[in-house]
Each structure stands twice: as structure tokens, then as C-alpha cells.
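In: please work out how this folds:
(one chain, ligands or ions: 1)
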Amino acid sequence: TSYETILIDRKDRVGVITLNRPEALNALNLQVMHEVIAAATEFDRDPGIGCIVLTGSAKAFAAGADIKEMQPNSYMDVYLADWFTAWDRLAEIRTPTIAAVSGYALGGGCELAMICDIILAADTAKFGQPEIKLGVIPGIGGSQRLTRAVGKAKAMELCLTGRMMDAAEAERAGLVSRIVPAADLADEAISVATTIAGMSLPIAMMAKESVNRAFETTLAEGVRFERRVFHATFATADQKEGMAAFVEKRKPTFEHR
Ligand code: HXC
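Out: Presented below is the predicted three-dimensional model:
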């Protein structure tokens, strides 16, 4: 498949999607949305891909939804076209996803990063939900995922003032897993993704599904869900291999089944 607003690459079992609209700081217009979702879905269906990295440029991961594209629309336009609902598909991807964020991750850009399973930040990263300054509110899950990630006080402040937070603040607040020097971001993201892609893919999917369950249910139900899935791991060849390899003091060779 050929795309116009993103670049696709493969590094062994890692699929890389790079947002590529430099003239607009990777603003997420509808074409970008459809292309990212198509590429991620294609990687997700490919058993040869064990982790997906989503990234942007040095200056911007993405500076938000495309304001120029949104501007002329009426309520009925955005209601009937159900703007941004398609992004939900990205949250349903089963393969683990990493957002490698350098520069601006604002509005829809911050929301897109938060849809991913892990956010790895360059020391130049800046996160924010500046929609309020445009007379709108977050529309791709920002008010929900940011609140779950950093808590009410900081989410409220960011959504109500539009202030950006830098990488250090984002890490302290729990939004990002780690900060790396900007020059190392791409390599580090591939390295983390390669580690994940080296695990059993179905087991990684089960781990991802279990962690995500924490955001959808009570503690008791979540623990019950986890235990059922834990039991299910014993039905896989990779559990047999993983435990045998440990006992035999060798590296496991996962078959991803
Ligand atoms: C469309 C955008 C854009 C955006 C930047 N550009 N962000 N175009 N949509 N979100 C364009 C600019 O118009 C400009 O085009 C070019 O990219 C370079 O941007 P500059 O502003 O010149 O760069 P700089 O001065 O370095 O400032 C960077 C910036 C600023 C601070 C990130 O661009 C900015 O504030 N952008 C908007 C951020 C934002 O509000 N995002 C939230 C969007 S709403 P030209 O043609 O002039 O060179 C959103 C809502 C989600 O995401 C869902 C709810 C509705």
C-alpha cells in the first residue's frame, strides 16, 4: 500500500509508522487518520510484526488535529461525519504500540500518543491539550486518557489553560515511561520495540489486554480477568518453551503461538 502522509518501515519484527506532513507539523487531517489506521491495521494483521512504533519529526510528533481542515465545519458536518471516531480503531490494535515523541504532541497529537501503549519521550517533547484556546475541547479521548494518566489536578489544569508540559513534568506525572536524549529517541524506540517483539506475540497481546482492562473495570474483576488469562497462557506453546528454556538455562525460541 502506498501512503502520502506517513512513511512505513520495517526493522525485523518491528513496524514503524512515521507521520510525515512537515509543512503542517504533522497536523492530523482525515487523510493522516485513515492512513495511520490502515497502516497500523496492516501491521496488526501481520504475524511477522511484534511491535509497532509510531513517531513524528524532531520538531513535532503532531501539533494536533488539522485546525485549517476543521475550521469551516458546522455542528452537523462533524456530527454526521462522526469526526475522530475512526481513531478508536487504533485503540483496538492488539499488537503492542509505542509512541516515540519528539517535539510537540499537542491536542490530537497528545491524544494519539496516549492511545499508544507506551510513550517514550525525547527530552524535547512537549505535551498539551490546547483545544480550549481554539474554543473547543479535546475530541480524541484527551480529557479521559490524560486524566487517567496524570490525575485530575494536572489534567484539569492542562485542559483548562492549554499550558504545555515538558518531558520532565510528563515523566514525573506518569504520562511517559521514560525520557531519552532527542538524538537517541529513534534508536531507543526501536530497541524497546525489538525487545517486545522478541517476546511471544500472543502472550504480549494478553499482557496488553490485561493492563488495559485496569482502565475499564473494578479491581476485583480486573484481577479475575488477569487470572483467567494467566491460566490461558498455559495453553500456548510459548509458555512451554519459555519455562523449559529457563529450566534448561538457555534462551527461549518463541513460535508466537
Ligand atoms: C493545522 C497547523 C497546526 C494544526 C501547526 N500548523 N499546527 N496546521 N493544524 N494543528 C501549521 C501552521 O499553521 C504553519 O503553517 C506550520 O504548521 C508551522 O507552524 P508554526 O505555527 O509556524 O510553527 P511554530 O511557530 O514553531 O509553532 C508551533 C506550535 C503552533 C506552537 C505547535 O504551530 C501551534 O500552536 N499549533 C497549534 C497547536 C494546537 O492548537 N493544537 C490543537 C489542535 S485542536 P503555515 O502554512 O503558516 O506555515 C485538536 C483538537 C482535537 O487537536 C479534537 C477536538 C476538536
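In: going forward, measure contacts between C-alpha atoms and count neighbours the same way
Out: Noted.
In: in its sheet, what does the strand or helix carrying I52 sit against?
Out: Taking DSSP states H and E as the criterion, the element that holds I52 is strand 51-55. If you go by DSSP bridges, strand 51-55 pairs up with strand 14-19 (parallel), strand 97-101 (parallel).
In: buried ones in it?
Out: Within strand 51-55, the residues scored as buried using 16 or more other C-alpha atoms under 10 Å are 51-55.
In: could you do stretch 186-203 as well?
Out: 186, 188-190, 192-194, 196-203.
In: on that earlier part again, the buried residues of strand 51-55 into CSV, with extra columns for pLDDT?
Out: CSV is the format used below for these (pLDDT from 0 to 100):
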residue, pLDDT
C51, 98
I52, 98
V53, 98
L54, 98
T55, 98
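In: check the residues you listed one by one and keep those near the ligand.
Out: With the criterion set as C-alpha under 6 Å from any ligand atom, no member of the buried residues of strand 51-55 is near the ligand.
In: pick the one among the residues you listed closest to the ligand.
Out: For the ligand, the nearest member of the buried residues of strand 51-55 is T55. The distance, counting by C-alpha to the nearest ligand atom, is 15.9 Å.
In: tell me, what residue is most central in this protein?
Out: C116 (1.3 Å; C-alpha atoms, centre = their mean).
In: spell out which parts of the stretch 1-150 of the chain neighbour the ligand.
Out: 23-25, 27, 63-68, 104, 106-108, 130-131, 136-140.
In: which among these end up buried?
Out: Looks like those have 24-25, 27, 63-66, 104, 106-108, 130-131, 137-140 buried, using 16+ other C-alpha under 10 Å.
In: looking at those, which are in helices?
Out: Those of these mapping onto helices are G108, per DSSP state H.
In: report the angle between the axes of the helix or strand containing D44 and strand 51-55?
Out: Element membership for D44 (DSSP H and E) is helix 30-45. Going by axes from the mean of the first three to the mean of the last three C-alpha atoms, to 10 degrees, helix 30-45 is angled at 160 degrees with respect to strand 51-55.
In: next structured bit after whichever strand or helix holds N212?
Out: Using DSSP H and E, N212 sits within helix 201-213. Using DSSP H and E, the next helix or strand after helix 201-213 towards the C-terminus is helix 219-233.
In: in that following helix, what's buried?
Out: Here helix 219-233 shows 222, 225-226, 229, 233 as buried, counting by 16+ other C-alpha under 10 Å.
In: in a markdown table, list the residues you listed along with pLDDT.
Out: Formatted as a markdown table, these follow (pLDDT from 0 to 100):
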| residue | pLDDT |
| --- | --- |
| G222 | 98 |
| F225 | 98 |
| E226 | 98 |
| V229 | 98 |
| T233 | 98 |
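In: other residues contacting the helix holding D44?
Out: Under the contact criterion C-alpha atoms under 8 Å, 6 or more residues apart in numbering, helix 30-45 has outside partners 3, 5-6, 8, 15, 17, 19, 49, 52, 86-87, 89-90, 93-95.
In: who wins for most neighbours among these?
Out: Among the contacts of helix 30-45, I52 has the most neighbours (other C-alpha atoms under 10 Å), with 30 neighbours.
In: I figured that residue hits K11, correct?
Out: No. Contact status for I52 versus K11: not in contact, 10.2 Å apart, counting by C-alpha atoms under 8 Å.
In: quick one on the thing from earlier: out of the buried ones among the residues of the stretch 1-150 of the chain next to the ligand, which are inside strands?
Out: Residues of these located in strands (DSSP state E): 104, 106.
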